[in-house]
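[1] Requesting a structural model of the entry that follows:
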Amino acid sequence: MNETGTGDPRASAEDRGFPAFHAARCGGLGALDRRLTGCRACPRLVAWREEVAVTKRAAFQGWEYWGRPVPGFGPHDAPLAVVGLAPAAHGGNRTGRMFTGDASGDFLFAALHAVGLASQPTATSADDGLELYGVRVTSPVHCAPPENKPTPAERDTCRPWLAAEITLLNPRVIVVLGAFGWQTLLPVLADAGWQLPRPRPRFAHGNVVTLRRAEPHDAGPAEARRNQDGGRATDDPETRRSQDRGRATDDELHVIGCYHPSQRNTFTGRLTSPMLIELLQQAADLAHLGGSPRT
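    Down below sits the predicted model:
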């Protein structure tokens, strides 16, 4: 037996198959977030995130770093998802919340607040009172990588967490920050039963791709698991409300490319605050969110 009480070695947190084994078995986003934070499937990422948590940056010596995988952040029934790259070593890896405590997050949350999708324009810690309205932020890789560059193997190992999260969230619109997230997300959507154009659309800022479900509808991993268990209700109240609203019957999904709010992009003017606000407002409109721009 392993640590989870099963005989399957993939159930061990250190096994490469841990995400694939557990992600599809989570009945709601709450369960997914809890299981994800115990993952140790990628040795390089585990070593780096824990080393950073011990050595720390001089400015954060008084902090107790999170030093674990960082789950998504936002309502479990959000019709809009934002998919980034990976937590920052001294941002999410420190605070334990996605896009919190680093410059990229500051830029993103200020724009979300301007559109009416966040309660405040800043994100400094997991207990700073920030709330998101109708939007959930996540990433294809949940551990901080060295030099902010996950390897293809690490991306693929982490992919089941993203696949399960998107299936359980069932959004109308997904904003993808950067080419890495775009290239990771499209195969996830194809596996979940969304028809992708051929050739596959390339990443570009402002590119909107509208996908339709394949016929017959192919259940995603979490949905398939629920069906195998006899239609057992999800263990997560917010996810259940999302499913009860009937969004699973929607036959369109809008995927929007957006430059990542990295300092390289924002300092050079490749991505400006007005550009990001305009794109997020477009996404909010497509998601049928009632937020209005702040002045």
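[2] which stretches of the stretch 1-150 of the chain aren't confidently modelled?
    Where the stretch 1-150 of the chain drops to pLDDT under 70, the residues are 1-10.
[3] Tell me which stretches of it form helices.
    18-23, 29-36, 43-55, 92-95, 103-115 (DSSP state H, counting those that start in this stretch).
[4] Which of the ones you listed has the highest mean neighbour count?
    helix 92-95 (a mean of 28; mean count of other C-beta atoms under 10 Å). Every C-beta, even on glycine, is put in place using the N, C-alpha and C of the backbone.
[5] who does that one touch, helix- and strand-wise?
    helix 43-55 (3 or more C-beta pairs under 8 Å, 6 or more residues apart in numbering; DSSP states H and E).
[6] looking at the helices of the stretch 1-150 of the chain, which is closest to Val209?
    Ranking the helices of the stretch 1-150 of the chain by distance to Val209, with C-beta to C-beta as the measure, places helix 103-115 first at 21.0 Å.
[7] how far out from the middle of the chain is that closest one?
    16 Å (C-alpha atoms, centre = their mean, to the nearest Å).
[8] do stretch 190-198 as well
    With C-alpha atoms, centre = their mean, you get 19 Å for stretch 190-198.
[9] Tabulate the helices of the stretch 1-150 of the chain in a markdown table, adding columns for distance to Asp251.
    Output for the helices of the stretch 1-150 of the chain, formatted as a markdown table (distance: least, C-beta to C-beta, whole Å):
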| stretch | distance to Asp251 |
| --- | --- |
| helix 18-23 | 25 |
| helix 29-36 | 23 |
| helix 43-55 | 37 |
| helix 92-95 | 34 |
| helix 103-115 | 26 |
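[10] Can you tell me which of the ones you listed is nearest to Leu253?
    helix 29-36 (17.8 Å).
[11] low-scoring pLDDT stretches of the stretch 151-295 of the chain, where are they?
    215-250, 291-295.
[12] Could I get the full set of strands for it?
    173-177, 194-195, 208-213, 252-258 (DSSP state E, counting those that start in this stretch).
[13] Fine, thanks again, bye for now.
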